[in-house]
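**Q** no sequence on this one, just coordinates:
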């Protein structure tokens, strides 16, 4: 068992709580940096996608997991960032400026969504965001002069003041830098007073208001930061795929993002990464296991949807804390061995509280 | 006359949205959970009817009854196996669960070798018939939709207002603990609500099938039915129909008078306006507990 003996207030909010954290995360970072030389190109591409979806997942995790506002239209912000990046890179702007513009544009759209959403709770917020997602997708399809409409738009590779990042390895390292920066940013945000305000809003809005947290301001802030992160992820997505079309940002993409966040573990930064790993590796695993399944199951087109649905249902029923929750339970078992009690993470049996009469 | 024609086709389309919205509102009124699986249950109902009519060769009325009864049973099983264990958990978990059910339904249907992957037509006796009223051309399929929707709405409204079961359903959705105290068998009632909602979805699917044909992605119409339920007010059954009618008429008019592409988003613009102006919908109840 490990005992962390705290002698200082700053130890409470340190990012690396003890030496073990520092060691393992540094090892992970070293492996990730060395990846272009260790793995071949196909897996490097998958790793890049994992990083891109993690950034988007961080945004959605901030909004849904930490502020409790469930947005089922998040792909719209992804699309805004992607198209902005595509348009400005096409105009010749260097990568950092285009990225900043993509993030700002997505944040502005996030504020536009967030302001009316202040009055809405629960399912009404979800439906408003779905509606918003559909409207943005249609705008992408109709605004042909800027976005190229349904025939799509080609995106040039990122251009860092003259140094074109054409190869997969270089682009992967760029994504890695941005992902690490975003993660550190979110971790710092969460241990600041703003982050605590977000969590307070999630837990009980009335209590948060009583403690002096300005609900409108913090909810809008959460929406815009979350949208900015999704915009950054969208910009990287645009550069990775080199081709954008409006139906890449439809409701299915939004639900995929939500799936990712829920399966990863709602309410934890690790959850965004674990969810992204699940989202990218699930089709690979399904494709790999098709050889072992009987033909009528293996070759069926609907297998992927079926597996996603079953995994989601299984996680919601049996592991509500997601993949990170499962890891937490394993880690607690190992840390408190042999004193782990079976009921440590037991879900409380509760009666349903009516939303209308809350 | 053109505007009358547009209105009638809008009303027919709106009744379809209203029918699916009826299922949403039914589940919300009975268990206060929002089910994103309603569209896919509708698709399953349509496929069930198709299988009964073509593969098993039943006559029309028998297939309809079989499909509805089968879906009712399926809804009850879903509630028993999947929804009951997480009763009492936050609403978001249940929403994600129903999204998962939708994925499973779509995936399972697409896995069935020949039937699942193609588009089929449902052989109904009133297919392609038209009534001529002067210059008005009325599609019999659309008329059937309107008539059945009105009947169903009336029936369900009467169930909730006048019968003991209906009042028990409302009670268990408003305050589950109190419902338990009053001796209402809450779990059984929840199963009944889901069975009823699945049966309504099956009826919607069978009515929609002649118009949109039977295929695995039929369920995406369910996403348009959400605006209908929200516009009408989530707790009100006539509201669901009225909301559907509004959305249908707005879409029909937008398709003709507005520029290209507005028709697809008209429903969503309407729902956004509604949420800004009157979040509880037209007929919604605004119950609030004072702190």
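**A** Arrived safely. Keep in mind it's a predicted model, so treat the numbers as computed, not measured. Residues are numbered from 1 along each chain as shown, chains lettered A, B, ... in the order given.
**Q** going forward, measure contacts and count neighbours with C-alpha atoms only.
**A** Will do.
**Q** Which residue does the stretch 1-150 of chain A have closest to chain B?
**A** As assessed by Cα to the nearest Cα, chain B sits closest to residue A:131 within the stretch 1-150 of chain A, at 4.7 Å.
**Q** For whatever residue of the stretch 151-300 of chain A ends up closest to chain B, give me its contacts.
**A** Among all residues of the stretch 151-300 of chain A, residue A:300 sits closest to chain B, at 4.9 Å; criterion: Cα to the nearest Cα. Shown in contact with residue A:300 (Cα atoms under 8 Å, 6 or more residues apart in numbering or on different chains): B:110, B:111, B:112, B:113.
**Q** Which among these count as buried?
**A** Buried members of these, scored by 16 or more other Cα atoms under 10 Å in any protein chain shown, are B:110, B:111.
**Q** What is the nearest of the contacts of residue A:300 to residue B:217?
**A** When the contacts of residue A:300 are ranked by distance to residue B:217 (Cα to Cα), residue B:110 comes first, at 9.4 Å.
**Q** give me the element the closest one is part of.
**A** Per DSSP states H and E: residue B:110 is located in helix B:91-111.
**Q** next SSE after that helix?
**A** strand B:130-133.
**Q** helices or strands up against that following strand?
**A** Contact here means 3 or more Cα pairs under 8 Å, 6 or more residues apart in numbering or on different chains; DSSP states H and E; on that basis strand B:130-133 packs against strand B:136-139.
**Q** ok now do residue 208, which residues does it touch?
**A** Looking at chain A here, since you left the chain open. A:197, A:200, A:201, A:215.
**Q** ah, I was thinking of chain B
**A** B:16, B:145.
**Q** rerun at 7 Å
**A** residue B:16 (Cα atoms under 7 Å, 6 or more residues apart in numbering or on different chains).
**Q** Likewise for residue A:171?
**A** With contacts defined as Cα under 7 Å, 6+ apart, residue A:171 is in contact with residue A:165.
**Q** what mean pLDDT does the host helix or strand of it have?
**A** In the assignment (DSSP H and E), residue A:171 maps to helix A:168-190. Here helix A:168-190 scores 93 as its mean pLDDT.
**Q** re earlier: from the contacts of residue A:300, which are also near chain A?
**A** B:110, B:111 (Cα under 7 Å from any Cα of the partner chain).
**Q** follow-up on the earlier one: let's have the contacts of residue A:208 in a markdown table, adding distance to residue A:263 and neighbour count.
**A** Shown next, in a markdown table, are the contacts of residue A:208 (distance: Cα to Cα, whole Å; neighbours: other Cα atoms under 10 Å in any protein chain shown):
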| residue | distance to residue A:263 | neighbour count |
| --- | --- | --- |
| A:197 | 25 | 23 |
| A:200 | 23 | 21 |
| A:201 | 23 | 23 |
| A:215 | 28 | 18 |
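**Q** And residue A:194, how far from residue A:219?
**A** Distance, residue A:194 to residue A:219, using Cα to Cα, to the nearest Å: 11 Å.
**Q** How about residue A:268?
**A** Taking Cα to Cα, one finds residue A:268 at 19 Å from residue A:219.
**Q** Repeat that for residue A:188.
**A** 18 Å.
**Q** With neighbour numbers in mind, choose between those two.
**A** The residue with more neighbours, out of residue A:188 and residue A:219, is residue A:219; 23 against 16, by other Cα atoms under 10 Å in any protein chain shown.
**Q** what packs against the host helix or strand of that one?
**A** Secondary structure from DSSP H and E places residue A:219 in helix A:215-241. Identification of packing neighbours for helix A:215-241 by 3 or more Cα pairs under 7 Å, 6 or more residues apart in numbering or on different chains; DSSP states H and E yields helix A:41-60, helix A:75-90, helix A:95-117.
**Q** How about the one helix or strand residue A:282 maps to and chain B, touching?
**A** Element membership for residue A:282 (DSSP H and E) is helix A:269-289. No - against chain B, helix A:269-289 shows no contacts by Cα under 7 Å from any Cα, the least distance being 13.4 Å.
**Q** tell me the angle of that helix relative to helix A:41-60?
**A** Counting by axes from the mean of the first three to the mean of the last three Cα atoms, to 10 degrees, helix A:269-289 points 140 degrees away from the direction of helix A:41-60.
**Q** which residues are there in the stretch 1-150 of chain A that come within reach of chain B?
**A** A:116, A:128, A:131, A:134, A:135, A:142.
**Q** May I ask which helix or strand of chain A has the lowest mean pLDDT?
**A** Least confident helix or strand of chain A, by mean pLDDT, DSSP states H and E, is helix A:295-298 with a mean of 70.
**Q** After that helix, which helix or strand is next? Please name it.
**A** Following helix A:295-298 toward the C-terminus (DSSP H and E): helix A:303-318.
**Q** How far does that next one sit from its chain's centre?
**A** 19 Å (Cα atoms, centre = their mean, to the nearest Å).
**Q** For that helix, name the packing helices and strands.
**A** Using 3+ Cα pairs under 7 Å, 6+ apart, helix A:303-318 sits against helix B:91-111.
**Q** Give me the helices and strands touching the helix it packs on, please.
**A** Using 3+ Cα pairs under 7 Å, 6+ apart, helix B:91-111 is in contact with helix A:303-318, helix B:38-50.
**Q** Any idea how many residues pack against residue 43?
**A** No chain specified, so I'll use chain A. By the criterion of other Cα under 10 Å, residue A:43 has 12 neighbours.
**Q** Chain B is the one I meant
**A** Neighbours of residue B:43 under the rule other Cα under 10 Å: 32.
**Q** Same question for residue B:192.
**A** Neighbour tally, residue B:192, other Cα under 10 Å: 21.
**Q** list the buried ones in the strand or helix carrying it?
**A** For residue B:192, the host element (DSSP H and E) is helix B:186-212. Under the neighbour-count criterion of 16+ other Cα under 10 Å, helix B:186-212 has B:186-187, B:189-210 buried.
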